[in-house]
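K.L.:
got a structure for you, letters missing:
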């Protein structure tokens, strides 16, 4: 079974890189899964008393567990509420946002972070791409750099998040898996909130607890866990979403 899960997850991860993830909240906005995402949106909105959560990091314990699917559909759901939203692909090693929205990935976040120009605000408009979905823009990852962690922990990245915060009402960060690299920890330390995606029937309890510890070490604001791939059961609120997962 473990061998099957590893093989299946690798296939799904490769598929998502090539084809992107399924935006069920866009093509089936009245469906049950879309309603679950709206519930998630509501829970996020009310999870911080006395303050607004604007920058949200979405991560998982390991690759191919659905964090890119959750982050993309969550971004669509916030945009549907009328909030000016941007989805930023921080997974520089295995990006999916460009494929999901049919964009080229020749430039993007990496280009912005490695440019020495001081005019970040002026350059930003070149890399924030509007989509066909109202109120939703995306920033692709761009070319794979040799030092993703250093870029995400740079002063330029902090300046970028600050500038995005002045332009958008919600910033959804699709981050790498926690157990693979340190990138997600770096991002989580700067986000207003972090969501951990846990796939039903696949995730191991010890691994999820380890992921939680890694986030706590950087004082990340973990506001909750999203359990995806839950089998649909008659008469229950469970659902199974069979899109591509990362």
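P.N.:
Cool, the structure landed. On a predicted model such as this, the values are computed, not experimentally measured, just so you know. Numbers count the residues shown, from 1 in each chain.
K.L.:
Geometric centre of this protein: which residue is closest?
P.N.:
Residue closest to the mean C-alpha point of the chain, counted by Cα atoms, centre = their mean, is residue 174 at 2.4 Å.
K.L.:
which non-adjacent residue is nearest that residue?
P.N.:
Nearest residue to residue 174, sequence neighbours excluded (Cβ to Cβ, 6 or more residues apart in numbering): residue 71, at 4.1 Å. The way it works is simple: take the backbone N, C-alpha and C, and place the C-beta from them, glycine included.
K.L.:
got it, and residue 76?
P.N.:
Spatially, and ignoring its direct neighbours in sequence, residue 76 is nearest to residue 25 (4.3 Å; Cβ to Cβ, 6+ apart).
K.L.:
next structured bit after whichever helix or strand that neighbour is part of?
P.N.:
If you go by DSSP states H and E, residue 25 is part of helix 24-27. Using DSSP H and E, the helix or strand that follows helix 24-27 towards the C-terminus is helix 32-45.
K.L.:
packing partners for that next one?
P.N.:
Applying 3 or more Cβ pairs under 8 Å, 6 or more residues apart in numbering; DSSP states H and E, we find helix 32-45 packed against helix 24-27, helix 67-80, strand 222-228.
K.L.:
State the mean pLDDT of the first one.
P.N.:
Regarding helix 24-27, the rounded mean pLDDT is 94.
K.L.:
And it, what's buried?
P.N.:
24-26 (16 or more other Cβ atoms under 10 Å).
K.L.:
Closest to residue 190 out of those residues?
P.N.:
residue 25 (26.1 Å; Cβ to Cβ).
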